[in-house]
Structures are given as C-alpha cells and as structure tokens.
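1. any chance you can model this:
(one chain, ligands or ions: 1)
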Amino acid sequence: MSGGEGGASVSGELCLEARGLSTGYGALRVLWDVDLTVARGSATVLLGANGAGKTTLLRALIGLRPLWAGSISYEGHAIERWSPERRIAAGVSYVSEMGIFGGLSVEDNLRVVATGLSRSTMRGQLERTYAQFPLLRERRREPAGALSGGQRKLLGLAKGLMRSPQLLLMDEPSAGLSPLAVSEMVTTLAQVVADGSVTLLLAEQNAQVLELATTVTILGGGRVSFSGPVGEFRSTADVAEQFFGLAHPPASTITPEGE
Ligand code: ATP
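-> Residues are numbered from 1 along each chain as shown. From the prediction side, this is the model:
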C-alpha cells in the first residue's frame with residue numbers, strides 16, 4: 001500500500017500520519033487498524049460508502065472520538081493525547097454538517113470560530129474570507145439559516161478556513177446537494193487547494209469529488225483497502241467496482257470495547 005504521493009503540487013512530506021487506529025462505540029468496533037497518510041499540500045479523498053467509518057475517523061483525528069489503539073502524528077508531533085482545542089490551535093480544522101448556527105448571521109458564524117483573535121486580525125481574516133467568497137459578503141447580515149444548502153456548505157468551509165489552518169478535515173461537503181451544487185463545491189475546494197496554503201482531507205461517498213483529489217484512500221467496513229495517488233487508483237481499479245463493492249462491510253464488526 002502506498003500513500004501520500006499525489007500530483008505534481010504535492011511535496012511528499014507528511015502532514016498527517018495515522019497508524020493502527022481502532023475505535024468504536026460501546027461494543028461496536030468501527031475502525032480496524034486504520035493507517036492513513038496525508039502528504040503536505042495534497043487533497044486526499046477518503047472515499048467510502050454510508051457507514052464505512054469516515055466520520056468516526058475524522059472525529060478521531062480531531063480528537064472528538066477517543067482511540068482504542070493507534071497513533072497520530074501531525075507535522076511531526078504525536079497528537080493522539082492532545083485535546084481537540086490543542087489540535088485546532090496547532091492548525092487542524094474540522095468542518096462538519098453540525099458547524100452552522102442557523103440563528104446567527106453569516107458574519108457572526110465566521111466571528112465565532114475566530115474568538116480570541118485580536119480585532120485587527122479578525123478584521124483581516126473576515127476581509128480575506130469575503131474576498132475569497134464574495135457571496136458571503138453579500139449575505140453577511142442574514143441569518144445562516146436563510147442560506148441554501150450549497151451556501152451553507154460554503155459558509156462551513158469559510159468557517160473552517162477562518163483560522164488559516166494547515167490541515168482541513170472536511171466531512172461530506174456534497175451531502176444533500178444537487179449535482180450542480182456539488183460541481184460548484186468541487187470547483188471551490190479545488191481553488192482552495194490550488195492556493196497552496198492548506199492540506200485537505202475530505203471524507204466523501206460521492207465519487208465526483210475525485211476530480212480534485214491528488215490522493216485517494218478507500219475505507220470499507222472500517223478498513224483501508226486502497227491508498228495511493230488518484231492516477232494509480234484510476235488505472236488499477238474501476239471506480240464504481242471499488243466504491244460500490246464497499247457497500248457491504250464485513251459481517252463481523254462486533255467486538256468487546258477496547259479490544
Ligand atoms: P455516513 O456517510 O453515513 O456518515 P460514515 O462512513 O461517516 O457514514 P460513521 O458515521 O463513522 O460512517 O459510522 C460508522 C458506524 O458507526 C456506523 O455503523 C454507525 O451506525 C456507527 N455509529 C456512528 N456514530 C455512532 C454513535 N454515536 N453511536 C453508535 N454508533 C455510531
């Protein structure tokens with residue numbers, strides 16, 4: 001298995017390296033000895049069907065899901081015992097469905113993730129965000145709950161970028177979006193990656209996001225079945241076969257907690 005060797009823009013140096021990750025919920029083991037590498041500057045897509053364990057893996061990486069076993073190295077630091085706050089302060093950002101406060105304005109949603117920054121830094125970050133996502137400037141006074149699904153995803157992405165992270169973990173940006181909105185999101189994410197300041201790890205079940213991938217990791221039934229450059233993935237595997245073959249995880253996924 002190879003990993004962390006994406007397209008031309010990828011340095012090959014590791015931003016993130018997880019080894020032997022196992023975790024789950026109560027007696028349900030969800031991740032089985034998962035290895036994952038994310039090269040600095042890459043756009044790594046973690047592709048897997050519904051229930052494959054993608055969200056659980058991202059939550060383990062940001063520190064919201066306790067590990068049963070395994071290690072996580074981020075920019076050379078062993079972070080598996082770090083709190084989520086410390087990981088965020090070190091430059092890891094996590095974008096999920098849950099991150100939007102519908103009753104707050106678009107701008108307050110952005111401000112809330114930048115709490116603690118000085119006024120001038122906050123102002124600068126907001127300006128940078130509005131320059132990158134002009135639509136959010138137009139809608140900045142409106143409640144986030146009034147945005148369309150695609151616009152809410154955009155706001156989630158902008159929130160994730162507010163603290164200028166080095167590593168952005170993003171959970172299913174395509175979920176609930178129309179094919180057109182997915183295309184727009186893929187284009188936006190590709191621009192973010194092309195800017196070169198952030199490394200992206202994207203969990204998805206929609207193979208459309210492979211358009212922006214430099215590296216692909218396939219997760220099925222909580223196990224990694226492939227990891228490598230997207231070109232290798234495309235040349236060695238039929239995407240549909242690889243992907244839809246994952247819809248049926250191994251029959252035995254139940255073990256005692258902590259095993
Ligand atoms: P989806 O695309 O549906 O979000 P996923 O690949 O992100 O899928 P997870 O959400 O990580 O998968 O779920 C993996 C397994 O863990 C599933 O069997 C799910 O039912 C189970 N699971 C997830 N969250 C919990 C929880 N809080 N309590 C118990 N089981 C959970």
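2. going forward, measure contacts and count neighbours with C-alpha atoms only.
-> Noted.
3. mind giving me the packing neighbours of the biggest helix by length in the chain?
-> Of all the segments assigned as helix in the chain under DSSP state H, the longest by residue count is helix 179-195. With contacts defined as 3 or more C-alpha pairs under 8 Å, 6 or more residues apart in numbering; DSSP states H and E, the secondary structure elements packing on helix 179-195 are helix 149-161.
4. now do the helix it packs on, average pLDDT.
-> Across helix 149-161, the average pLDDT comes to 92.
5. got the residues of the chain near the ligand?
-> 25, 30, 48-56 (C-alpha under 6 Å from any ligand atom).
6. tell me which of these fall in helices.
-> Using DSSP H, the members of these that fall within helices are 54-56.
7. got phi/psi on Trp68?
-> Taking degrees, to the nearest 10, you get phi -90, psi -30 for the backbone angles of Trp68.
8. so what's the spatially closest residue to it that is not a sequence neighbour bridging to?
-> Once flanking residues are discounted, Trp68 sits nearest to Thr23: 4.9 Å by C-alpha to C-alpha, 6 or more residues apart in numbering. The partner list for Thr23 in beta bridges (DSSP bridges) reads Leu31.
9. surely Thr23 is in contact with Val34?
-> No. Using C-alpha atoms under 8 Å, Thr23 and Val34 do not qualify as a contacting pair, with a distance of 9.6 Å.
10. more neighbours: which of those two?
-> For the pair Thr23 and Val34, the greater number of neighbours falls to Thr23 (26 against 19), based on other C-alpha atoms under 10 Å.
11. where do the helices sit along this structure?
-> The residue ranges that make up the helices of the chain, judged by DSSP H, are 54-62, 84-89, 106-113, 119-132, 134-138, 149-161, 179-195, 230-236, 239-244.
12. re earlier: name the residues that touch the longest helix of the chain?
-> Contacts with helix 179-195, where a contact means C-alpha atoms under 8 Å, 6 or more residues apart in numbering, come from 41-43, 150, 154, 173-174, 198-200, 208-209, 211-212.
13. report the buried members of those residues.
-> Burial of the contacts of helix 179-195 was assessed by neighbour count (16 or more other C-alpha atoms under 10 Å); the buried members are 41-43, 150, 154, 173-174, 198-200, 209, 212.
14. low-scoring stretches of the stretch 151-259 of the chain, by residue?
-> For the stretch 151-259 of the chain, the stretches with pLDDT under 70 are 237-259.
15. so which residue of it comes closest to the ligand?
-> The shortest separation between the stretch 151-259 of the chain and the ligand is 6.5 Å, found at Gln205 (distances taken as C-alpha to the nearest ligand atom).
16. contacting residues around that residue?
-> Residues in contact with Gln205 (C-alpha under 8 Å, 6+ apart) are 47-50, 172.
17. out of those residues, who's nearest the ligand?
-> Each of those was scored against the ligand by C-alpha to the nearest ligand atom, and Asn50 proved nearest at 3.9 Å.
18. now the longest helix of the chain and helix 149-161, what's the angle there?
-> With axes from the mean of the first three to the mean of the last three C-alpha atoms, to 10 degrees applied, the angle from helix 179-195 to helix 149-161 works out at 20 degrees.
19. what's the spacing between helix 179-195 and its chain's center?
-> On the basis of C-alpha atoms, centre = their mean, to the nearest Å, helix 179-195 sits 14 Å off its chain's mean C-alpha point.
20. same check, this time on stretch 55-64
-> If you compare the mean C-alpha spot of stretch 55-64 with that of the full chain, they lie 10 Å apart, counting by C-alpha atoms, centre = their mean.
21. so for it, mean pLDDT?
-> Taken as a whole, stretch 55-64 has an average pLDDT of 97.
22. how about it: buried residues?
-> 55-63.
23. before we move on, back to that, dump the helices of the chain to CSV, plus distance to Ala78.
-> Formatted as CSV, the helices of the chain follow (distance: least, C-alpha to C-alpha, whole Å):
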stretch, distance to Ala78
helix 54-62, 11
helix 84-89, 11
helix 106-113, 25
helix 119-132, 29
helix 134-138, 36
helix 149-161, 23
helix 179-195, 25
helix 230-236, 28
helix 239-244, 32
